[in-house]
Structures are given as C-alpha cells and as structure tokens.
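Undergrad: coords please:
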Amino acid sequence: MVAPRVMGLTIDRTNMPGRHWLGFESATYELRPEGSGTRLTRTTVITSHLHPVWYWRYFERLGVASEHDYILRDLTRRMNR
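TA: Numbering: from 1, shown residues only. The predicted structure is shown next:
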C-alpha cells in the first residue's frame, strides 16, 4: 500500500488576528521525497475584496505567508512533543 502524498481541505474558519480582510477558502498539502527527507508544500486558496487589487496583492501575499508560517511552526511544535 502506498501512503497518500496529497491532502486537501476546506477551511471553515480561522482565528488569526488581523486576517479578517482575507478569506481562507481551502488548502492543499503535498509531500514529496527530497534527498534523505521529505518536502512539505502547502498551497492556499484565498478570497479578497480589497481594491485596487494591484496595491493590496503584496499585503495579501504577506498575510498568506504569515498564515503558512504559523501553521507549519505549529505542526513542527506538535511533532516535537
């Protein structure tokens, strides 16, 4: 039996402070062998109603990057208990 390498989920809520302007809709996790380890990649789908789009895109990317950092650091912390 081969272990699954991809997991998708729908995000129904988030309690991250300051993220009310971004709608986190879904996330996909992909595991790929890399050297002697495994690379974990997370892809997130967001919605935003901020305008003008060209101005806010940079801040949206910062918001998503900080959300990814938060999730992955929490995952690491839980694994090292």
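Undergrad: quick one: buried residues of stretch 42-56?
TA: Buried residues in stretch 42-56, defined by neighbour count with 16 or more other Cβ atoms under 10 Å: 44, 46, 56. In short, each C-beta sits where N, CA and C put it, glycine included.
Undergrad: how about the strand or helix carrying residue 73, which residues are buried there?
TA: Assigned by DSSP states H and E, residue 73 belongs to helix 53-79. Across helix 53-79, burial judged by 16+ other Cβ under 10 Å covers 56, 60, 63-64, 67, 71.
Undergrad: tell me the one of these nearest residue 8?
TA: Nearest to residue 8 among these: residue 71, at 14.5 Å, using Cβ to Cβ.
Undergrad: for the closest one, report the pLDDT, please.
TA: On pLDDT, residue 71 comes in at 84.
Undergrad: residue contacts, it?
TA: By Cβ atoms under 8 Å, 6 or more residues apart in numbering, residue 71 lies in contact with residue 42.
Undergrad: quick one: it from residue 52, how far?
TA: Per Cβ to Cβ, to the nearest Å, residue 71 is found 29 Å from residue 52.
Undergrad: doesn't residue 37 make contact with residue 31?
TA: No - if you go by Cβ atoms under 8 Å, residue 31 and residue 37 don't touch, sitting 10.4 Å apart.
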